[in-house]
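Q: I would like to see how this sequence folds:
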Amino acid sequence: MKELLLCSSLLAALATGGLVAGVPEKAMHFARDGSGQVLIFPYYSINSNETALTAKQTLISIVNTTDRAKAARLFFHEGRNGRVVGELTLYLAPFDTWVGALFSVAHDGAANLVTFDRSCTVPALRESTTLPRLANGVPYMTFSNASYTGRNNDSGPDDLKRTGEGYMTLIELGEVLPGGNGTLAAMTHAPDGVPPACLQLVNAWAPNGYWTQDHLANFAPPGGGIAGSAYPIDVLNGTMLLVEADVIENFSARVLNSPPGQGVPDLSDVNAGDSNQRIAVDLILDGTPTRLYYPLAPRPIDAVSALFMAESVRNQFVTSASLGGASEWVLNFPTKHYYVGESAIGLQPLPPFISLFPIAGDRGTAPVPFSVEAWTRDGVAADCTVYLCEDAVVGVRPPAPPVQLNFVTNVISFNQSDLEHPQSLILGAERSFPLDIYHPDYDVGGMAHEGAMVLRFANAQAGTGPTLAHDMNGRRLYGMPVQGFWVASYTNIAVTPGVLANYSDSIKHTVKQAATPAPSASTGSLAGAKE
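A: Just a heads-up that it's a prediction; the model follows:
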């Protein structure tokens, strides 16, 4: 679990901050109980590779853990530049669960979304008469490339295959109230499990619909309590992985209900809902509960990025042939596209990022540099952690590749650089960063097959590396806004022939956050200062 997750006792120790009409100021933070207003899943995939252990489908489960009806919007972002390629609004009755699945129809085609769930959605999936259908007659929605082609062209690849890998965000729009236009009654499941009038919610957004006329009708502000998980599944090899969402509380104090199909609301719609014109963010810095304040203007997204800022990321790897082991890391930058693409000011990226999307002469990348330190399971420091070493001899290092993560959603594959096919072994990523862990005096062929690694974006102790724009009191967080996990797979080659013996696991990265010291009293506060 992330070091920056806050327990209730730590929250109680924080200063109350500003008061509005006698109400204590609420700070945005990662939820301790796994439910909240915003869920960010660092990975989905429908990649296919018949020669390797890959994720061919991703199951999604969204749960309303409360006794209050919810509306939430689920966005699917392609992994190269974070553009929205699919969107679905969910209407969850009290204690309701919605389940869907991502899958591919053709290897080179788009990702598709299907659901057998009866909860109401906009657009309507199960009730659609125009969508394509599976062989069993169930309709499904195909993801679109409209957000990065035509007038939205971002100079990256424009094919539909770009939709097959990325991440997901879910944002609560608000709580649905009883009475009035009858929305709650329409979306509440009848005894047979079917809501009586899901199409009423679709028609509410028609030109003369009641939400088109008044988007606040029958809505209260978001109250949190939404949880969820995603599960990349390899049907052929019989494995399933858990992708945990990072869950945010106190994201919005106002109703976010808005017309569907326009990519809103998004993470930049974070708000405090009061007159302070600032967003409080609670973190753990050097073991101490800390509250930072970010202005609502000009970049409220900085407050969300602050939650995810990491000086370094830590986790394990296992690639031992005797275990049939393979390891990969997922590293997702959920706010990156706000800093390197269409939201960047002028011709320069915004901090902490250092490259625009795309960089000159390279379609579809915005590199983030990093460094690594790795150790074998016995604590022996690896000698050559950022080189492709499969052809190396002792004492000779081959040329190093650029040590950078090029995309929003990235996969690092360990000790796989000698594979004949281009895709990573577990997730089937076609653009993974191949990282060999090497020590000339350790293990067969110089490869270190089991151990731990630290991936570093900055060095706070030395005062080097990128930083997020300062908060209203002058503090800057080091590193990059990142999330992700380690995934491992194992194959038991000693089991009885014909018996499927594949295993898989995933573990979230441990993240270290660090910031510049608070300005001294003589320096004065930077509250209200602008970049």
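Q: Check which residues of stretch 466-474 are buried.
A: By neighbour count on 16 or more other C-beta atoms under 10 Å, the buried set for stretch 466-474 is 466-472, 474. From N, CA and C alone the C-beta is placed, and that goes for glycine too.
Q: how about the helices of the stretch 251-400 of the chain, start to end?
A: 301-308, 337-340 (DSSP state H, counting those that start in this stretch).
Q: Least confident of the ones you listed, on average?
A: With a mean of 93, helix 337-340 has the lowest mean pLDDT of the helices of the stretch 251-400 of the chain.
Q: which helices and strands sit right next to that helix?
A: Helix 337-340 is packed against helix 301-308, with contacts defined by 3 or more C-beta pairs under 8 Å, 6 or more residues apart in numbering; DSSP states H and E.
Q: Would you mind pulling up the elements that the helix it packs on packs against?
A: If you count contacts as 3+ C-beta pairs under 8 Å, 6+ apart, helix 301-308 packs onto strand 246-249, strand 278-285, strand 288-295, helix 337-340, strand 480-481.
Q: got the angle for the third one vs strand 278-285?
A: Here strand 288-295 points in a direction 150 degrees away from that of strand 278-285 (axes from the mean of the first three to the mean of the last three C-alpha atoms, to 10 degrees).
Q: quick check: mean pLDDT across strand 288-295?
A: In this model, strand 288-295 carries a mean pLDDT of 94.
Q: now swap in the last one and tell me
A: Taken as a whole, strand 480-481 has a mean pLDDT of 98.
Q: Mind listing the strands it pairs with, and their directions?
A: Based on DSSP bridges, the pairing partners of strand 480-481 within the sheet are strand 309-310 (antiparallel).
Q: The strand it pairs with: how far from the chain's middle?
A: 14 Å (C-alpha atoms, centre = their mean, to the nearest Å).
Q: Please list the outside residues in contact with it.
A: For strand 309-310, the surrounding residues in contact (C-beta atoms under 8 Å, 6 or more residues apart in numbering) are 352, 457, 468, 477-482, 511-513.
Q: still on that earlier bit, quickly compare the helices and strands packed on helix 301-308 and say which is most buried.
A: Sort these by mean neighbour count, taking mean count of other C-beta atoms under 10 Å, and strand 480-481 sits at the top with a mean of 28.
Q: what sits up against the next helix or strand after it?
A: Sequence order places strand 483-491 as the next helix or strand after strand 480-481, per DSSP states H and E. Identification of contacts with strand 483-491 by C-beta under 8 Å, 6+ apart yields 40, 42-43, 53, 239, 241, 243-244, 246, 308, 313, 315-318, 323-332, 334, 425-427, 501-509.
Q: just to revisit the earlier point, using TSV, lay out the contacts of strand 309-310 together with distance to Ala106.
A: Formatted as TSV, the contacts of strand 309-310 follow (distance: C-beta to C-beta, whole Å):
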residue	distance to Ala106
Pro352	38
Phe457	37
Leu468	41
Leu477	43
Tyr478	44
Gly479	39
Met480	35
Pro481	34
Val482	32
Val511	37
Lys512	42
Gln513	42
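Q: Tell me who's in contact with Leu331.
A: Applying C-beta under 8 Å, 6+ apart to Leu331 gives the contacts 313, 405, 409-412, 455, 482-484, 509.
Q: any idea how far it lies from Gly484?
A: 4 Å (C-beta to C-beta, to the nearest Å).
Q: One more: Thr58?
A: 15 Å.
Q: now swap in Pro519 and tell me
A: Distance from Pro519 to Gly484, by C-beta to C-beta: 32 Å.
Q: got any ranges where the stretch 151-300 of the chain has weak pLDDT?
A: Low-confidence segments of the stretch 151-300 of the chain (pLDDT under 70): 273-275.
Q: Where do the strands of it begin and end?
A: Along the stretch 151-300 of the chain, counting by DSSP state E, counting those that start in this stretch, strands occupy 165-176, 219-220, 226-234, 239-240, 243-244, 246-249, 278-285, 288-295.
Q: can you redo those strands as TSV with distance to Thr183?
A: Formatted as TSV, the strands of the stretch 151-300 of the chain follow (distance: least, C-beta to C-beta, whole Å):
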stretch	distance to Thr183
strand 165-176	5
strand 219-220	9
strand 226-234	18
strand 239-240	35
strand 243-244	31
strand 246-249	25
strand 278-285	30
strand 288-295	34
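Q: So for Trp205, which of those sits nearest?
A: strand 165-176 (12.3 Å; C-beta to C-beta).
Q: quick check: angle from the closest one to strand 226-234?
A: Going by the same axes, to 10 degrees, strand 165-176 makes 150 degrees with strand 226-234.
Q: Test my guess that Gly263 contacts Tyr148.
A: No: at 12.0 Å, Gly263 does not count as touching Tyr148 under the criterion of C-beta atoms under 8 Å.
Q: Report pLDDT for the closest residue to Asp286 other than its chain neighbours.
A: Closest residue to Asp286 apart from its sequence neighbours, by C-beta to C-beta, 6 or more residues apart in numbering: Ala514 at 7.2 Å. Per-residue pLDDT puts Ala514 at 96.
Q: Then Thr319?
A: 86.
Q: With Ala521 instead?
A: Ala521 is given a pLDDT of 48.
Q: do the one 10 residues further on as well
A: Model confidence at Glu531, given as pLDDT, is 40.
Q: Could you give the number of residues near the closest residue in space to Pro157 that isn't next to it in sequence?
A: Closest residue to Pro157 apart from its sequence neighbours, by C-beta to C-beta, 6+ apart: Gly364 at 5.5 Å. Gly364: 19 surrounding residues under other C-beta atoms under 10 Å.
Q: if I read this right, Gly364 contacts Asp158, doesn't it?
A: No: using C-beta under 8 Å, Gly364 is not in contact with Asp158; the gap is 9.7 Å.
Q: Could you work out the end-to-end span of stretch 184-196 for me?
A: Using C-alpha to C-alpha, to the nearest Å, one end of stretch 184-196 lies 10 Å from the other.
Q: what's the residue nearest to Asp286 in contact with, if anything?
A: 285-286, 311, 458, 460, 477-479.
Q: for those residues, which one is nearest Arg162?
A: Out of the contacts of Ala514, the member with the shortest distance to Arg162 (by C-beta to C-beta) is Gly479, at 27.2 Å.
Q: Now do the same contact list for that closest one.
A: Here Gly479 is in contact with 309-312, 352, 457-458, 465-467, 513-514 (C-beta under 8 Å, 6+ apart).
Q: how many neighbours does the closest residue in space to Tyr294 that isn't next to it in sequence have?
A: What sits nearest to Tyr294 in space, not counting adjacent residues and going by C-beta to C-beta, 6+ apart, is Ala303, at 4.0 Å. Per other C-beta under 10 Å, the neighbour tally for Ala303 reads 28.
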